[in-house]
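[1] following is a predicted model, sequence given first.
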Amino acid sequence: MNNKLISIIVPIYKVEKYLTKCVDSILEQTYKNIEVILVDDGSPDKCGEICDNYAKKDNRVKVIHKKNGGLSDARNSALKIAKGEYIGFVDSDDYIAKDMYETLYDLSERYKADISIVSFYELIGDRIIDVKDSNEVEIFDKIEGMKQLLEDSKIQSYAWNKLFKRNLLENIEFPTGRTFEDIATTFLLFEKCNTIVRKETPKYYYVRREDSIVGQRTAKTYNDYMDVLMDKYLYIQKNIPEIKQHNDYNFVISMVWLYTILVRYDIEELMPKYNELFLTVEDIMRKNGKFVFEKLDYYNSAILNMILLDKETSKNAVKQFYIDYKAKREEGNFKLQI
């Protein structure tokens, strides 16, 4: 069997205590025809040395040492040298099941898919708090796949639980200097697809860390999020009108999530910008509110109703609602992405 080369890209920065587990899980893949591109993004710890040691032990490993430029810049640097017909991404503080890439490759080849997707384990420390595991296989065309992406339930924007045909990434780069780079990019890759396949079998271990870039809850992080969100919304509104309702829904639910973060972590300096973007939410709800509310779960519907009523007076109630539900979800009681 002529197995095609898969390039697996791992951006690395200040993850010394996680890196070995991550890279070992990649090198132990049952699918052997891989090249592993470790990008030392100017990490100030021993990550660069660890990368070089892997390259000495396994000729499938390539190492890039570069000045720190962020996750997007690291991925873009690796894409310039990647030789695979397929591209995969793994975050350096996560790890993967031994057969993840074999599963993704088989899905891609069997269904002639441009993107294949598996589900994932979500962990806090070593404790699994969420998992989707039915083994169901679903096949989507471009429009239905993008609808699923915008619904953010079966398919999320994460790059790391997917396998991409290399040609999708031609002329598309991850946005350097911005966080939430997957939200800015994945929908553009879906737009270029004919077929997307997803199997609900968990193969990726996504480890939530409070000290991750997104976990640090800075104003810069969520300013980026607002820019990425609005750019995506406007692009889809202009270029893919067939999914207008789902685009509206995604913008509203994203703004609901953002509001909970801003009030929970007291990021007051972003409220003026948030209020400006919220005018779009109000416009959507006037024109497409029935569709949006039909898709919202109880948690998000309750918060949206509170902030539509009065954002200022709802702050304390939303904050407590978020804290309570987050605690219950981390206990394994709710399937909520918060």
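    That came through, no problem.
[2] who touches the longest helix along the chain?
    Using DSSP state H, we find that the single longest helix of the chain is helix 271-295. Outside helix 271-295, the residues within contact range by CB atoms under 8 Å, 6 or more residues apart in numbering are 151, 223, 226, 229-230, 233, 244-245, 248-249, 251-253, 255, 258-259, 262, 301, 304, 307-308, 311. Bear in mind the C-beta positions are built from the backbone N, C-alpha and C, glycine included.
[3] now do the buried residues in it.
    Neighbour counts over helix 271-295 (16 or more other CB atoms under 10 Å) mark 271, 273-274, 277-278, 280-281, 284-285, 288-289, 292, 295 as buried.
[4] how about stretch 256-268?
    In terms of neighbour count (16+ other CB under 10 Å), stretch 256-268 has its buried residues at Val256, Trp257, Leu258, Tyr259, Thr260, Ile261, Leu262, Val263, Arg264, Ile267.
[5] save these as TSV, and put in secondary structure and pLDDT too.
    Shown next, in TSV, are the buried residues of stretch 256-268 (DSSP: H, G, I helix; E, B strand; the rest coil; pLDDT from 0 to 100):
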residue	secondary structure	pLDDT
Val256	helix	96
Trp257	helix	96
Leu258	helix	97
Tyr259	helix	95
Thr260	helix	95
Ile261	helix	95
Leu262	helix	95
Val263	helix	94
Arg264	helix	93
Ile267	coil	96
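[6] so what's Gly84 up against?
    Per CB under 8 Å, 6+ apart, neighbours of Gly84: Lys4, Leu5, Ile6, Ser7, Ile34, Glu35, Arg166.
[7] kindly report the same for Asn135.
    Contacts of Asn135 (CB under 8 Å, 6+ apart): Lys199, Glu200, Thr201.
[8] and for Thr30?
    Lys98, Asp99, Tyr101, Glu102.
[9] now the two most distant members of those.
    Lys98 and Tyr101 (9.2 Å; CB to CB).
[10] mind checking which of the two has more residues around it?
    Per other CB atoms under 10 Å, whichever of Lys98 and Tyr101 has more neighbours is Tyr101, with 26 against 13.
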